[in-house]
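**Student:** fold the following for me, if possible:
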Amino acid sequence: MSKKKEKTAAAPEVPETESPEILEEQDRTDEVQADAPGAEPETAPEEAGAPAQELTVPKEQFLRLAAEYDNYRKRTAKEKEGLWTSAKADTVQAFLPVYDNLERALKQDTADAAFKKGVEMTMDQLKEIFAKLGVSEIPALGQTFDPNLHNAVMHIEDESLGENTIAQVFRSGFTLGDKVIRFAMVQVAN
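**Tutor:** Just a heads-up that it's a prediction; the model follows:
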């Protein structure tokens, strides 16, 4: 008989008179009382800080990942723009010998006015295309020599010109934005 008492003491006895509906109602009231304001939380205060600390590590990882992605996006956009600029510069550089030949043709005297007019129109059209691409000619003649833009191939002494002044331009230089496509080949005075 002592074994029966131990079994009954360990498991709570449910009277057979209570129906399942009454038991469900008791469970609901127990839940409401646990959620009520002023009810004590089931976790201790030390344990309440633990989930918050556990969330800080994934949050930091997420923030780092977001920053890395943002840096990646900016870097690829910059590289893409750099590639586009380089491709335009290479294309323009391929057309510069044509520009030089047209420039030489315009400097030659000719008796055929229609021929000269056709060369001028071709040169104007090429300059318009360069302008649309953002390519500009480096100002040189009469300017102060700048080694970042000009390539000095000759030097003369001329008192009528100032020091480091460009006296003659042998070949025009061009820039695409801040990038120099071709340096201007010049003669520098004094």
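
**Student:** do you know how far P97 is from V186?
**Tutor:** 19 Å (Cβ to Cβ, to the nearest Å). For every residue, glycine as well, the C-beta is placed using N, CA and C.

**Student:** the two: who's more crowded?
**Tutor:** Using other Cβ atoms under 10 Å as the criterion, P97 and V186 rank with V186 on top: 27 against 9.

**Student:** immediately after the lengthiest helix in the chain, which helix or strand?
**Tutor:** Longest helix of the chain, by residue count under DSSP state H: helix 45-107. Using DSSP states H and E, the next helix or strand after helix 45-107 towards the C-terminus is helix 113-133.

**Student:** strands paired with the helix or strand following that next one, and their directions?
**Tutor:** Going down the chain from helix 113-133, the next helix or strand is strand 135-137, by DSSP H and E. Paired with strand 135-137 in the same sheet, following DSSP bridges, are strand 174-176 (antiparallel).

**Student:** state the mean pLDDT of the partner strand.
**Tutor:** Strand 174-176 carries an average pLDDT of 95.

**Student:** and it, how far out from the chain's middle?
**Tutor:** Offset of strand 174-176 from its chain centre (Cα atoms, centre = their mean, to the nearest Å): 22 Å.

**Student:** same thing with stretch 168-182?
**Tutor:** With Cα atoms, centre = their mean, you get 27 Å for stretch 168-182.
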